[in-house]
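> predicted model follows, preceded by the sequence.
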Amino acid sequence: MDWSLIEQKLESLRRAIGRVEGRCPEVAVTLARDYDAQDIVSLNLTRAVQLCVDIANHVLSESDLPSPVTMGQSFELLEELGVIGPELCVRMKKAVGFRNLTVHNYDAIDWAIVHAIARHHLVDFKAFAEEVLLLRG
């Protein structure tokens, strides 16, 4: 496995999470009014999801499992390999759903949901990174 590539992606993930933490306001109504914060938070949450999918697919490329058909399936296959647990798998698949909504339906984003993700679910990305790093041993 190319650990330098994984570490580079994990560093990008750390930066994306840091941008969300640094720019997400305390309350959802402020995010709903601050277009710059919306852009920074939504873009970096989307990046975080994509980076996790990329890392998952890199890990899967070293396995005998078939290639995932969907982004969500990447996490299902990681669970099958024992890299992540079932609860984290479900949370990461929900993150993919959020990413798809953000990318494909930007004008219908509920900023209260984005705020809740930014304030309460960044731990999912951090947990994912920790689980991947356990592979290195």
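Here it is on my side, so go on.
> just want the most central residue of the chain.
The centre of the chain sits closest to residue 49, judged by Cα atoms, centre = their mean, with a distance of 2.6 Å.
> so what's that one up against?
Residue 49 makes contact with 71, 95-96, 98-99, according to Cβ atoms under 8 Å, 6 or more residues apart in numbering. (C-beta placed from N, C-alpha, C; glycine too.)
> out of those residues, flag the one nearest to residue 126.
Among those, residue 95 lies closest to residue 126 (Cβ to Cβ), at 12.3 Å.
> apart from its chain neighbours, what residue comes closest to the closest one?
In space, and not counting its chain neighbours, residue 95 is closest to residue 49: 4.8 Å by Cβ to Cβ, 6 or more residues apart in numbering.
> let's see which of the contacts of residue 49 end up in helices.
71, 95-96, 98-99 (DSSP state H).
> in a markdown table: these, plus pLDDT, neighbour count and distance to residue 40.
Below are these laid out as a markdown table (pLDDT from 0 to 100; neighbours: other Cβ atoms under 10 Å; distance: Cβ to Cβ, whole Å):
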| residue | pLDDT | neighbour count | distance to residue 40 |
| --- | --- | --- | --- |
| 71 | 93 | 21 | 22 |
| 95 | 94 | 25 | 18 |
| 96 | 91 | 19 | 21 |
| 98 | 85 | 18 | 16 |
| 99 | 86 | 20 | 16 |
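> can you pick out the most distant pair from the contacts of residue 49?
Within the contacts of residue 49, 71 and 98 form the most distant pair, 11.2 Å apart (Cβ to Cβ).
> now the host helix or strand of the residue nearest to the centre of the chain: mean pLDDT?
Assessed by DSSP states H and E, residue 49 sits inside helix 35-61. The average pLDDT for helix 35-61 rounds to 96.
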